[in-house]
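In: Pasted the sequence and its predicted model underneath.
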Amino acid sequence: MSILTATNIGQSFGAFDVFRGVNVSIPNGGKIGPVGPNGIGKTTLLLILAGIAQPSAGSVRIARGRRLGYLRQEAIEAFAQRENTVYGEMLTVFAGLRDQQRRLHEMEEAIANGDESLLDAYGALQDEFAQAGGYDYEVRIQRTLDGLGFGKEQWDMPLAHLSGGQKTRALLARLLLEQPDLLILDEPTNHLDVDAIEWLETTLRNWQGAVLIVSHDRYFLDRTVDHIWEMSRGGIEVYRGNYSAYLMQRQERWEEHNMLFERAKAHFDKEMAFIKANIPNGALDQARGKLKRLTRQVMAIEQLGVMAIKDKQWSEIAPMMESREAPWGVAEAEQRVKALTPPARPPQLKVNLKPARRSGNRILRTHGLTAGYPGNPLFTADDIELWRMECAALIGPNGAGKTTFLKTIMGELPPLKGKVELGASLEIGYFAQAHDALNSDNTVLEELLEHFDRLGKDRSVGQARNYLVAYLFRGDDIYKTINLLSGGERARLALAILALRGANFLLLDEPTNHLDIPAQEVLQEVLERFDGTVLLVSHDRYLVDHLATQIWELRDGRLRVFNGPYQAFLADRERQTQAARQAAAQQRAEARQQDRQSRKQDNAARKRAQQAAQIEAQIHHAEKMLETLTRDLEMAGRNGAFDKIQRLSAEYAAHQGKLETLLAEWEKVAANGND
């Protein structure tokens, strides 16, 4: 049974249709990612499905008794009327459990004072409390806040003192703890670092309810959803699988749509030929019947698109058009048939990055480098060598010094120690995430013409206008001042200017920020074909995964070089994590051994040691299970067995939770032994 069903919904503003003809349902446990260009109405759709906005047409039905949770892109107004701390707000989710907890404590005191009449009621309430998660809700709060980047020092912060991004994360934490049947998330990764995103991915993969996620993070969609909704003005097409599976299916769908259109157009032409030949003679009634059917069929294509005929017979579509029937004559019908055009893809960004000349083979080398500012060193770096046609991805948390490193390479900041050597015949092209090189008072056209002049390129206004069309600036868009542009428009203009330089070494600082997914796809394809060298600073793991030949991780004051692609880097990081876990296990084993030897004569100590040994056995078994499940998940991932991945992920999460509980129990036993 579906949690939510939307029937023929649409949203219009005046004569402008944002979208129309949306028919979708969300099943129990479904994990869905709507995608489409900016402005297509993804956020509007979420608001309608969440019951916050009303559609211009159609209806939304939510199954009885089902709860929805909705996360806005920006929740700066969240908690405006609530005087609470971060941790206190999380506790409000469990108000019922805390009432039960207080009642249990009251009953315990009464029983301790001799009131045995409460024993039966106490036992029943205790069972109910345990089954509802009463003994682990505080652990859930701790894991959720830690996972979303709230350190313990922030738990007592008043909600009113949080930044907009922190409020969004706090609202997300509360929604996850509430566990609604359908979780609707609009750009949930906007204010999360990579560690928090990876934690959220794991949480959503193991989520028992349904999830609807709008995100520009393609890697995040790959790891969290099992269906993609592709939005267009005329409705939604549903694709099975994650984002990568959607990419593989999409081209087949386009070819299928064109085939359906050509088939329908041939049918219409044949019918029109019959109608024109028989209206004047004795087959008048038959010709009029065909004209009536043709009217409905052509209107279906015009109003619903070629998708309308994909899975339906004409006999099913005709009643849908009954109320829309127009009194067409033969001439108008023929004109409308001729005016039908095949389905067209949305306008695409056309980026042209071509080096004007070839660089030398060695692009960049550093030795003994320490970068930062006088009196404030940010990091030391492994020695680097970057060669022509390679792509190095510089990753790490915000504030670690990634942009500082780019400025050091360009010579804008001198190294604090060591040296940076650039190769021969380099033409550097720099894309700054803040786009701060743009003059905010210029129009789009003026900014482009100024860069033509700086680069000595003789271009007319007409040529500049044509050039901007490739970057989706059409009509009056070119007369917008830069300070009025959206983030996506500024990014497209910055790419247009970058392409003018003919650079052979690109320094790209968050190039996909603000770009919608179609634009991200185009940029990725262009960079994959780029006949030069790229240094990529990005949180876009999908882009990093497809481009990088080296990974430079900047963390904890050090830049570490990994010579290999992103997946190999992740595998190496997991091996290091496992090694650290094993080392910690060895330390625990040695500590337990010392504990046993030092307390042999103490009966209480022996009892604790026995308890610790039992937990140790269970820990060993849980760790073995996790190793087995990790291998099974890797195999399932290589085979594309999505159903098996979901089942194994759930098992992995269950065993991981059990392991964490056992470790906590062991630490408690060990701590008691050290008292």
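Out: Cool, the structure landed. Please read all numbers here as calculations on a predicted model, not as lab measurements.
In: From here on, just use CA atoms for contacts and neighbour counts.
Out: Will do.
In: Count the residues that sit near residue 448.
Out: Using other Cα atoms under 10 Å, residue 448 has 24 neighbouring residues.
In: The one 5 residues further on too?
Out: By the measure other Cα under 10 Å, the count of residues near residue 453 is 11.
In: Ok, residue 134 next?
Out: Neighbours of residue 134 (other Cα under 10 Å): 18.
In: so who does it touch?
Out: 97-98, 101 (Cα atoms under 8 Å, 6 or more residues apart in numbering).
In: Strands - which of the residues you listed land there?
Out: Counting by DSSP state E, none of the members of those fall within strands.
In: Which single one of those residues is nearest to residue 158?
Out: residue 98 (21.1 Å; Cα to Cα).
In: Surely residue 492 and residue 470 touch.
Out: No - here residue 492 lies out of contact with residue 470, judged by Cα atoms under 8 Å, at a distance of 9.7 Å.
In: Between those two, which has more neighbouring residues?
Out: Taking other Cα under 10 Å, residue 492 and residue 470 do not tie; residue 492 has more neighbours (25 against 17).
In: Leaving out sequence neighbours, find the closest residue to that one.
Out: residue 471 (6.0 Å; Cα to Cα, 6 or more residues apart in numbering).
In: I believe that neighbour is in a helix; please confirm or correct that.
Out: No - applying DSSP: H, G, I helix; E, B strand; the rest coil, one finds residue 471 to be coil, outside a helix.
In: Can you give me the neighbour number for it?
Out: Neighbours around residue 471, by other Cα under 10 Å: 22.
In: Can you give me every residue that contacts it?
Out: 349-351, 492-493, 496.
In: Check residue 539 too.
Out: 194, 395, 510.
In: Same question for it, what's its three-state structure.
Out: coil.
In: I'd like the distance between it and residue 408.
Out: 20 Å (Cα to Cα, to the nearest Å).
In: try residue 634
Out: 39 Å.
In: Which of the two has more residues huddled nearby?
Out: residue 408 (19 against 12).
In: how near is the more buried one to residue 414?
Out: 6 Å.
In: Could you pull out the residues contacting both of those two?
Out: residue 371.
In: what's residue 584 in contact with, if anything?
Out: Neighbours of residue 584 in contact, by Cα under 8 Å, 6+ apart: none.
In: and the next element down the chain from the helix or strand containing it?
Out: Applying DSSP states H and E as the criterion places residue 584 in helix 566-598. Going down the chain from helix 566-598, the next helix or strand is helix 603-639, by DSSP H and E.
In: From the contact counts, what lies against that following helix?
Out: Applying 3 or more Cα pairs under 8 Å, 6 or more residues apart in numbering; DSSP states H and E, we find helix 603-639 packed against helix 566-598, helix 642-674.
In: Check which residues of that helix are buried.
Out: By 16 or more other Cα atoms under 10 Å, the buried positions in helix 603-639 come out as 605-606, 608-609, 612-613, 615-616, 618-619, 622-623, 625-626, 629, 632-633, 636.
In: orientation of that helix relative to helix 566-598 in degrees?
Out: 170 degrees (axes from the mean of the first three to the mean of the last three Cα atoms, to 10 degrees).
In: now helix 603-639: how far from the chain's centre is it?
Out: With Cα atoms, centre = their mean, to the nearest Å as the basis, helix 603-639 stands 32 Å off its chain's centre.
In: ok, now which ones touch the nearest residue to residue 563 once chain neighbours are set aside?
Out: Spatial nearest neighbour of residue 563, chain neighbours left out: residue 550 (4.7 Å); criterion: Cα to Cα, 6+ apart. For residue 550, the contacting residues are 390-393, 561-566, by Cα under 8 Å, 6+ apart.
In: The residues you listed in helices, which ones?
Out: residue 566 (DSSP state H).
In: Same list, the contacts of residue 550, but as JSON lines with pLDDT, distance to residue 583 and neighbour count please.
Out: Shown next, in JSON lines, are those (pLDDT from 0 to 100; distance: Cα to Cα, whole Å; neighbours: other Cα atoms under 10 Å):
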{"residue": "390", "pLDDT": "96", "distance to residue 583": "36", "neighbour count": "18"}
{"residue": "391", "pLDDT": "97", "distance to residue 583": "34", "neighbour count": "24"}
{"residue": "392", "pLDDT": "97", "distance to residue 583": "31", "neighbour count": "27"}
{"residue": "393", "pLDDT": "96", "distance to residue 583": "30", "neighbour count": "28"}
{"residue": "561", "pLDDT": "96", "distance to residue 583": "24", "neighbour count": "20"}
{"residue": "562", "pLDDT": "96", "distance to residue 583": "23", "neighbour count": "19"}
{"residue": "563", "pLDDT": "95", "distance to residue 583": "26", "neighbour count": "15"}
{"residue": "564", "pLDDT": "95", "distance to residue 583": "26", "neighbour count": "14"}
{"residue": "565", "pLDDT": "94", "distance to residue 583": "27", "neighbour count": "19"}
{"residue": "566", "pLDDT": "94", "distance to residue 583": "25", "neighbour count": "22"}
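In: Narrow the contacts of residue 550 to those in strands?
Out: 391-393, 561-562.
In: Which single one of these is nearest to residue 517?
Out: residue 393 (19.9 Å).
In: follow-up on the earlier one: which of the contacts of residue 134 sits closest to residue 159?
Out: Closest to residue 159, out of all of those and judged by Cα to Cα, is residue 98, at 21.2 Å.
In: hey, which helix or strand in this protein has the poorest pLDDT?
Out: helix 314-320 (a mean of 54; mean pLDDT, DSSP states H and E).
In: I'd like the next helix or strand past it.
Out: From helix 314-320, the next helix or strand downstream (DSSP H and E) is helix 330-339.
In: Give the other helices and strands that that following helix contacts.
Out: helix 243-278, helix 284-304.
In: Between helix 243-278 and it, find me the angle.
Out: Going by the same axes, to 10 degrees, helix 330-339 makes 150 degrees with helix 243-278.
In: How far off centre is helix 330-339?
Out: Relative to its parent chain, helix 330-339 has a centroid offset of 45 Å by Cα atoms, centre = their mean.
In: Could you pull up the mean pLDDT of the helix or strand just after it?
Out: For helix 330-339, the following helix or strand on the C-terminal side (DSSP H and E) is strand 362-373. Across strand 362-373, pLDDT averages out at 95.
In: Only the buried residues of strand 362-373, if you could.
Out: Applying 16+ other Cα under 10 Å to strand 362-373 flags 363-366, 368-372 as buried.
In: That one: partners in the sheet, and parallel or antiparallel?
Out: strand 376-381 (antiparallel), strand 385-387 (antiparallel), strand 417-422 (antiparallel) (DSSP bridges).
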